[in-house]
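Asks: Please find the sequence and the predicted model below.
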Amino acid sequence: MGNKVCTLLRKYLKNHKKPKDVIVKSKVVIPNEIFVHNNNDDYDDVFLTPKSDHTDSDEEHQENNSPTFICDICVEEKALNDSFNLKGCTHFYCIDCTVRYVTSKLDDNLISISCPGSDCEGMLEPEYCRQILPQDVFDRWGIALCESLIDGSQKFYCPFKDCSGLLIDDTGMEIEKSECPFCKRSFCVKCKVPWHSELSCKKFQKLKKKGDDSMLVDLAKRKNWRRCPKCKYYVEKSVGCFYMKCRCGACSSTSSHFCPKCKH
């Protein structure tokens, strides 16, 4: 293959008139490499075409002259190829702002997301926005949409905060004890709480309403339950160290962390 290329190149150079004052030397170093040395800097090697006057500054000039627009959300000038057109309307915004807008709506538990424009009927949909959304945001949106299709009376969540998996009670039967398919821990379907092994649902609900009922206090003592100093709910330690943190969201201060052994 190398010799054929050399032959073709020689024929090409021979049949084409060389510019004046240009000396061309060719040397075959190895069969697959050809070096053509040009003593005139105004011409490119091998094909003897005039060198282009195109420079990096020209590319920068072209970039500076590329179409731009003002994003109505961040009010900054952005390149037009950084825009994202919304579905069902003529509005478009920069990609970064569109992603942040969708994320903020999901944070507010909104899954039907409309155009940010005032009184605009344009909508954003997961599949349409998939090309610009991070994978975790896209998955989160899709899961939220799926959950919204489930009847609220059938939908509930695992009572263990470190799990909180979505569960569906579609059996049509009155079930008490069940196991979460995610964390594999037992809970009461009827009471929507961790399984109360020594109490019936009726008794548990009764004690729950009375709060400081003596039966509940006795049960807490037998089971070594501790009350959260913040929300006052009972917490049971099953495994791990004595340091515990209540599942209530307000428990973030030092006073809300308690040890069932030293009682604080």
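Replies: Nice, I can see it.
Asks: What ranges does the stretch 101-250 of the chain have for its helices?
Replies: 126-129, 135-148, 201-210, 214-223 (DSSP state H, counting those that start in this stretch).
Asks: Single out the most deeply packed of those.
Replies: Burial of these is given as mean neighbour count (mean count of other Cβ atoms under 10 Å); helix 126-129 ranks first at a mean of 16. Placement of C-beta: from N, CA and C, glycine included.
Asks: hmm, back to that, so for Leu106, which of the helices of the stretch 101-250 of the chain sits nearest?
Replies: Set against Leu106 and scored by Cβ to Cβ, the helices of the stretch 101-250 of the chain come closest in helix 135-148, at 5.9 Å.
Asks: helices and strands around that closest one, which ones?
Replies: Judged by 3 or more Cβ pairs under 8 Å, 6 or more residues apart in numbering; DSSP states H and E, the packing partners of helix 135-148 are helix 95-107, helix 126-129.
Asks: Can you give the contact residues for it?
Replies: Helix 135-148 is contacted by residues Val99, Val102, Thr103, Leu106, Asn109, Ile111, Pro126, Cys129, Arg130, Leu133, Lys155, Leu166 when judged by Cβ atoms under 8 Å, 6 or more residues apart in numbering.
Asks: mind putting the helices and strands packed on helix 135-148 in TSV, mean pLDDT included?
Replies: Formatted as TSV, these follow (pLDDT from 0 to 100):
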stretch	mean pLDDT
helix 95-107	94
helix 126-129	92
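Asks: and Lys202, which of those helices is closest to it?
Replies: Of all the helices and strands packed on helix 135-148, helix 95-107 comes closest under Cβ to Cβ, at 39.6 Å.
Asks: Flag every buried residue along that closest one.
Replies: For helix 95-107, the buried set under the neighbour-count rule, 16 or more other Cβ atoms under 10 Å, comprises Ile95, Asp96, Cys97, Thr98, Val99, Tyr101, Val102, Thr103, Lys105.
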